[in-house]
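Asks: here is my input; please provide its structure:
(chains A and B)
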Amino acid sequence: MWRLIQEIRQNRELIWALAIKELRVRYKRSALGFLWALLNPLLMMIILSMVFSTMMQAGIRSYPIFLISTLLPWTFFSQSVSYATDSIVGNGDLLKKIYVAKSVFPIAAVLSNLINFALSMVPLVLLLVIFRFPFHATWLYLAVPLLSLILFTLGCSFFFAMTNVFFRDMAHILQVVLSAWFYLCPIIYPLDFVPARYRAIFRLNPLVYPLNGFRLSIYYGLLPSAQSTVLSLAVGFGTLAIGYGLFRRYQDTLVFYV
Amino acid sequence: MNRVSFDNVVQHFRLIRERPDTLRETFARIFRNHSRYHSFDALKGVSFEVTDGEIVGLVGPNGSGKSTILKIIAGVYRPTAGVVRINGKVAGLIELGAGFHSDLTGRENILLNGLLLGLSKREIRSREQQILDFAELGEFIDSPVKQYSSGMFMRLGFAVATEVDPDILLIDEILAVGDASFQQKCMGRIDEFRQRRKTIILVSHDLTTVRRLCQRVLLIQNGRIRADGTPAEVLDSYEELHQPIGI
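Replies: As a prediction, the model looks like this:
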């Protein structure tokens, strides 16, 4: 973990430039440009809330806000991992010609989506204003689920970026996993929607904790239990340690397979 | 001072065509219980040393391992066996504009490429003018590089890579590309490096260039060093070896 911090420090300018490049290229030559970062989650939210607010019998108050409070962090996670998975393979030509610390590519993929995530908080705030929804003091707590989500996302990103070099199937498998994972997370439904007897299994999903942390602080104005806070941070650090450890172990062989 | 030292370096490759690309193939391999890897050694025990200020040419037929040596020096490949010691900052002109992104402008690419090559943002800013002067892009500097002519692309790539101010400069065949004026400019830049007593290692099939620039030539064949000496000694025997049949 110490090594990772050092690598980030040494390459911080490069990582930043790569992340900005990623965003520039993503929005380049589209008429609305960076506005898409704001529009995209807003449109997704409108579609999903139209579909699910009618389907949900429970009648959740201010469903769009309920939804977007976890939809945004989920989008950050899934987009980061998707981008990171292609980051080593996609930069293969470069890696075969110049020596660069390999870790900068998955990190930059996560960073660019983190910037996107920050931008997408703007429509969330707008929505709260429009719906005259209170800003709870628990917003201050958001730093904790955010940190554990970033750690978890980085860990997964390292893992998929590395394995995709050896097995190109990973990119395809990931897409299937992500679409299933979306429904296994409390995004379109509340946690207590899950039948009691499945809840123990449901809690094995590591994303439940940070996502629920976001929803509790933004939507309910509550703090998660100390136990779930500790658990979500532990899962974040653990995933990063494993993901980065594996990445480091194989990073010198990557260049022969890209 | 030794800048580069190779001690019995072996570089092993798996033929990329034969690698298991998908899980299905991996399973097939596990169940059939035999390896489908075809492997070969690009370098079979190479030892040499290059000292400060030396200009060394690597010659040899295609596929003999010249570029592999450069890539090991550049840090792209980690050798399978043997010891490599590098002393100083390395810049590789292995492919010009390797890190360029076609949608970014020339100016944006200077920054990104410079960072990839290990410069800091401050260093790039302070050298930007020199890079622009060398590349002679004029108005095009703020257009995406995909609109560049290949000459402009190469000039920009060369300009950024040589601004790294390395102790060891690696050059792979790049002098063969570009028009006469580009080649002249490159030669000028390389002469500048030579006068500043930098170490240069270049791969070339253009024996005239090698004769002109190098004090020492290594002939590489089949992953081994066949000859090591002055251009006159090595190149004469190399040319004899490669006389086209029937002349």
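Asks: can we go C-alpha only for contacts and neighbour counts from here?
Replies: Noted.
Asks: A:Val194 and chain B, how far apart?
Replies: Applying CA to the nearest CA, to the nearest Å, the value for A:Val194 to chain B is 34 Å.
Asks: give the contact list for that residue.
Replies: A:Phe202 (CA atoms under 8 Å, 6 or more residues apart in numbering or on different chains).
Asks: pLDDT weak spots in the chain?
Replies: With no chain named, the answer covers chain A. In the predicted model, chain A carries pLDDT under 70 at residues A:56-58.
Asks: that's the wrong chain, I meant chain B
Replies: Judged against pLDDT under 70, the low-scoring parts of chain B cover residues B:15-21, B:25-38, B:174-178, B:241-247.
Asks: switch the cut-off to 50
Replies: When residues are selected by pLDDT under 50, those of chain B lie in B:246-247.
Asks: ok and the residue in it nearest chain A?
Replies: Evaluated by CA to the nearest CA, chain B has B:Val76 as its residue closest to chain A, separated by 4.9 Å.
Asks: how about that residue: what's its closest non-neighbour residue?
Replies: The shortest distance from B:Val76 to any residue other than its chain neighbours is 4.9 Å, reached at A:Tyr99 (CA to CA, 6 or more residues apart in numbering or on different chains).
Asks: part of a helix, is that neighbour?
Replies: No - according to DSSP: H, G, I helix; E, B strand; the rest coil, A:Tyr99 belongs to no helix; its state is coil.
Asks: for it, phi and psi?
Replies: A:Tyr99 has phi and psi values of phi -80, psi 120 when expressed as degrees, to the nearest 10.
Asks: distance-wise, check it relative to A:Ser49.
Replies: From A:Tyr99 over to A:Ser49 the distance is 47 Å, taken as CA to CA, to the nearest Å.
Asks: residues from chain B in reach of chain A?
Replies: Taking CA under 8 Å from any CA of the partner chain as the contact definition, chain B meets chain A at B:13-14, B:16, B:20-23, B:71, B:74-78, B:92, B:94-95, B:98-99, B:103-104, B:112, B:115-117, B:120-121.
Asks: surely the residue nearest to B:Val76 meets B:Ala74?
Replies: Yes - the pair formed by A:Tyr99 and B:Ala74 meets the contact definition of CA atoms under 8 Å, at 6.3 Å.
Asks: that older thread, would you mind checking the residues of chain B next to chain A for buried ones?
Replies: Buried residues within the residues of chain B next to chain A, defined by neighbour count using 16 or more other CA atoms under 10 Å in any protein chain shown: B:13-14, B:20-21, B:71, B:74-78, B:92, B:94-95, B:98-99, B:103-104, B:112, B:115-117, B:120.
Asks: just those: which are in helices?
Replies: Among those, DSSP state H puts B:71, B:74, B:112, B:115-116 in helices.
Asks: quick check, central residue of chain B?
Replies: Relative to the mean C-alpha position of chain B, the nearest C-alpha, by CA atoms, centre = their mean, is the one of B:Ile94, at 3.1 Å.
Asks: hmm, back to that, quick one, phi psi at the residue of chain B closest to chain A?
Replies: Reported as degrees, to the nearest 10, the phi and psi values for B:Val76 are phi -70, psi -40.
Asks: again, but for A:Lys96
Replies: Dihedral angles (degrees, to the nearest 10) for A:Lys96: phi -80, psi -10.
Asks: for chain B, what spans make up the strands?
Replies: With DSSP state E applied, chain B shows strands at B:2-14, B:39-51, B:55-59, B:81-86, B:90-93, B:168-172, B:199-203, B:216-221, B:224-229, listed in chain order.
Asks: report the closest residue of the stretch 151-258 of chain A relative to chain B.
Replies: A:Phe167 (5.3 Å).
Asks: what segments of the stretch 1-150 of chain A are helices?
Replies: Remark: helices of the stretch 1-150 of chain A, listed N- to C-terminal, are A:2-10, A:12-27, A:35-55, A:63-90, A:92-95, A:104-130, A:143-166; assignment by DSSP state H, counting those that start in this stretch.
Asks: on that earlier part again, what sits against the residue nearest to B:Val76?
Replies: B:74-76, B:117.
Asks: gap between it and A:Leu4?
Replies: If you measure A:Tyr99 against A:Leu4 using CA to CA, the figure is 18 Å.
Asks: same check on B:Val59?
Replies: Separation of B:Val59 from A:Leu4 (CA to CA) stands at 40 Å.
Asks: those two: who's more crowded?
Replies: Neighbours of B:Val59 and A:Leu4, each counted by other CA atoms under 10 Å in any protein chain shown, are more numerous for B:Val59; the result is 26 against 15.
Asks: give the bridge partners for the more buried one, please.
Replies: For B:Val59, the beta-bridge partners are B:Leu219 (DSSP bridges).
Asks: and the gap between it and B:Val203?
Replies: 6 Å.
Asks: need the residues touching each of these two.
Replies: By CA under 8 Å, 6+ apart, B:Val59 and B:Val203 have these common neighbours: B:Lys66.
Asks: residues from the stretch 101-250 of chain A in reach of chain B?
Replies: If contact is defined as CA under 8 Å from any CA, the residues of the stretch 101-250 of chain A in contact with chain B are A:166-169.
Asks: now the buried members of those residues.
Replies: The neighbour count (16+ other CA under 10 Å) marks A:166-168 as buried among those.
Asks: redo the residues you listed as a markdown table? Include distance to A:Val177.
Replies: Written out in a markdown table, the entries for these read as follows (distance: CA to CA, whole Å):
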| residue | distance to A:Val177 |
| --- | --- |
| A:Phe166 | 18 |
| A:Phe167 | 16 |
| A:Arg168 | 15 |
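Asks: and of the residues you listed, the nearest to A:Ala19?
Replies: Lowest distance from A:Ala19 to these (CA to CA) belongs to A:Arg168, with 23.4 Å.
Asks: quick check: closest non-adjacent residue to that closest one.
Replies: With sequence-adjacent residues excluded and distances taken as CA to CA, 6+ apart, A:Arg168 is closest to B:Thr22, at 6.0 Å.
Asks: wait, isn't the one you found in contact with A:Phe167?
Replies: Yes - using CA under 8 Å, B:Thr22 is in contact with A:Phe167, at 5.3 Å.
Asks: just want the most central residue of chain A.
Replies: Among the residues of chain A, the one closest to the centroid is A:Phe77, at 1.5 Å (CA atoms, centre = their mean).
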